[in-house]
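Q: Based on what follows, work out the 3D shape:
(chains A and B)
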Amino acid sequence: MLSLTSDHRTVFHGIPAGFKLLVLLVFSIALFVFPDLRVQAFALLLVFLAFICGGMGFLGEGINHLRRIWPVVAFICIWHVWSGEYAVGLALLFRILAVLALANLVTMTTQLSQMMGVLSWLTTPIRRAGISTRPAEIAMAMMVRFIPVLSEKSEALRESWRARSPKRPGWRIVVPITLLAIDDADQVSEALRARGGVQETQSKL
Amino acid sequence: MERNLTYIALMAAFTAVLGFIPKIDLIPGVPISLQLLGVMLCGLVLGAQRGALAVILVLVVAAVGMPILTGARGGIAPFLGATGGFLFAYILAAFVTGFIFERWKGDLIVGAVIAAFVGGVVVLYPIGIVWLAVYLEKPILVMTQSMLVFIPVDVAKAVVAGLIATQISKARPAALLSRQDS
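A: Next up is the predicted model:
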């Protein structure tokens, strides 16, 4: 239902998720280690070219994602125009844009399942140490499932509020939503236990 | 075990849903929404450890690419952004809120509001501000001043969180996992 992955197919979709994340990590560290304006400008240019490789639609989507950081951009511009340190401000601006654009590129070209794969790989040492990550996986799946359920419930409560009152439903409906959710959670936990619970799967690992 | 796990998942989902509620633009910049209210409630309802785990769950699910953070943000970019410090500090905020509330002996509502205030404002802000200052290479004092406008709203959130926790304790006393041992 919800996803930040881009619909435009690009060459980056085929690259393993772990590798993309590693590139992002090295890229971000490198830009912090070398604050020179030319390095930052070159980095931003590279990211820009990468987006162009994905096509104009992909580039547009990337720019759209970046648009929400405009307050930070405005803040840096005002500060550095006022202080007169143009080069420092420009380098800072380029770095922020380059790192965030690349982070967006990774998110836009990586399926949720691939990211989960990386997460599973990262937690391998925990499993090696004999601790099951199964409860965490179940919690994650349950949370993702709870989100639409909670949204629907709050929408239903909001509608019944509107039917009774001309005023807007404010924070007053938060408590009933919470109570409904708690009752659901109690049922789910009983159901989970009735089906053998989460601990039992530990023996399989 | 099953109950703890379900409650953690539930409160994590609740925190995510609170992020969907349209943000009120006090001033443009750091998005303010009800997500912090969710973080406070994670601590109040679940207690220190489970509350922190619920917040970690929210952050991990956001990082793998679900747009559940305030303003439908998700993926890795928010964690590398100027306000990333606040996201990481959410974990400690929930923990401290839960830690105080678990041990509170006096009036429930007073304890809940104080716990939510200490966790969600006193602990959260310094971490977020230091991150912001380092990230933007600006003096901490200036950054602190620029963040002051958000604090009254977040104090109000602490009061609301306290009220909600008290209501839950009246309607479903067993659901307040943080207060089960006392």
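Q: so how many other residues sit close to residue 112?
A: Let's take chain A. Residues within reach of residue A:112, counting by other C-beta atoms under 10 Å in any protein chain shown, total 16. (C-beta placed from N, C-alpha, C; glycine too.)
Q: try again with chain B
A: 32.
Q: Look up the closest residue to it, ignoring the ones flanking it.
A: residue B:162 (3.7 Å; C-beta to C-beta, 6 or more residues apart in numbering or on different chains).
Q: Was I right to think the one you found contacts residue B:113?
A: Yes. Taking contacts as C-beta atoms under 8 Å, residue B:162 lies within contact range of residue B:113: 3.4 Å.
Q: OK, contacts around the residue most central in space within chain B?
A: Residue closest to the mean C-alpha point of chain B, counted by C-alpha atoms, centre = their mean, is residue B:39 at 2.5 Å. Residue B:39 sits next to B:15, B:55, B:90, B:93, B:94, B:97, B:119, B:120 when contact means C-beta atoms under 8 Å, 6 or more residues apart in numbering or on different chains.
Q: how about stretch A:37-51: buried residues?
A: A:37, A:39, A:40, A:43, A:44, A:47, A:48, A:50, A:51 (16 or more other C-beta atoms under 10 Å in any protein chain shown).
Q: Kindly report the same for stretch B:97-112.
A: B:97, B:98, B:99, B:100, B:101, B:102, B:104, B:108, B:111, B:112.
Q: so how far is the host helix or strand of the third one from its chain's centroid?
A: Spelled out, that is residue B:99. Applying DSSP states H and E as the criterion places residue B:99 in helix B:84-103. Averaging C-alpha coordinates over helix B:84-103 and over its chain gives two centres that are 7 Å apart (C-alpha atoms, centre = their mean, to the nearest Å).
Q: Beyond it, next helix or strand please.
A: Taking DSSP H and E, what comes next after helix B:84-103 is helix B:108-117.
Q: Show me what that following helix packs onto, helices and strands only.
A: With contacts defined as 3 or more C-beta pairs under 8 Å, 6 or more residues apart in numbering or on different chains; DSSP states H and E, the packing partners of helix B:108-117 are helix B:35-46, helix B:84-103, helix B:151-171.
Q: what's the pLDDT at the residue of chain A most remote from its centre?
A: What lies farthest from the middle of chain A is residue A:164; by C-alpha atoms, centre = their mean that is 37.9 Å. At residue A:164, the model reports a pLDDT of 89.
Q: low-scoring stretches of chain A, by residue?
A: The model of chain A has pLDDT under 70 over residues A:1-3, A:170-171, A:199-205.
Q: Can you give me the domain assignment for it?
A: A:11-122, A:127-198 (automatic domain parsing).
Q: which one of the ones you listed lies closest to residue B:176?
A: Comparison of the domains of chain A against residue B:176 by C-beta to C-beta identifies domain A:127-198 as nearest, at 9.5 Å.
Q: next one: stretch A:138-156 to chain centre, how far?
A: Counting by C-alpha atoms, centre = their mean, stretch A:138-156 comes out at 17 Å from the chain centroid.
Q: Could you report the separation of the closest residue to residue A:197 other than its chain neighbours from residue A:107?
A: Distances taken as C-beta to C-beta, 6+ apart place residue B:2 nearest to residue A:197, at 5.5 Å, with adjacent residues excluded. According to C-beta to C-beta, to the nearest Å, residue B:2 and residue A:107 sit 33 Å apart.
Q: quick one, which of these two is more surrounded?
A: More crowded of residue B:2 and residue A:107, by other C-beta under 10 Å: residue A:107, with 25 against 20.
Q: Assess the claim that the more buried one and residue B:74 are in contact.
A: Yes. Residue A:107 is in contact with residue B:74 according to C-beta under 8 Å; the separation is 7.2 Å.
Q: can you list residues touching both of those two?
A: A:4, B:65.
Q: Hmm, residue A:50 is touching residue A:12, no?
A: Yes. Counting by C-beta under 8 Å, residue A:12 is a contact partner of residue A:50 at 7.4 Å.
Q: which residues do these two both contact?
A: If you check residue A:50 and residue A:12 against C-beta under 8 Å, 6+ apart, the residues they both contact are residue A:105.
Q: SS state for residue A:138?
A: When classified by DSSP: H, G, I helix; E, B strand; the rest coil, residue A:138 comes out as helix.
Q: Columns distance to residue B:61 on top of the domains of chain A, output as TSV?
A: Converted to TSV, the domains of chain A look like this (distance: least, C-beta to C-beta, whole Å):
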stretch	distance to residue B:61
domain A:11-122	10
domain A:127-198	6
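Q: Compare these and give me the one nearest residue B:152.
A: Nearest of these (C-beta to C-beta): domain A:127-198, 15.9 Å.
Q: Ends of the closest one, what's the gap?
A: One end of domain A:127-198 sits 15 Å from the other (C-alpha to C-alpha, to the nearest Å).
Q: roughly how far out does that domain sit from the chain middle?
A: Distance of domain A:127-198 from the chain centroid (C-alpha atoms, centre = their mean) equals 21 Å.
Q: likewise stretch B:127-139?
A: 20 Å.
Q: Find the nearest non-adjacent residue to residue 37, please.
A: Defaulting to chain A. Per C-beta to C-beta, 6+ apart, closest to residue A:37 is residue A:91, 4.3 Å.
Q: Not quite, go with chain B.
A: Closest to residue B:37 by C-beta to C-beta, 6+ apart is residue B:157, at 4.7 Å.
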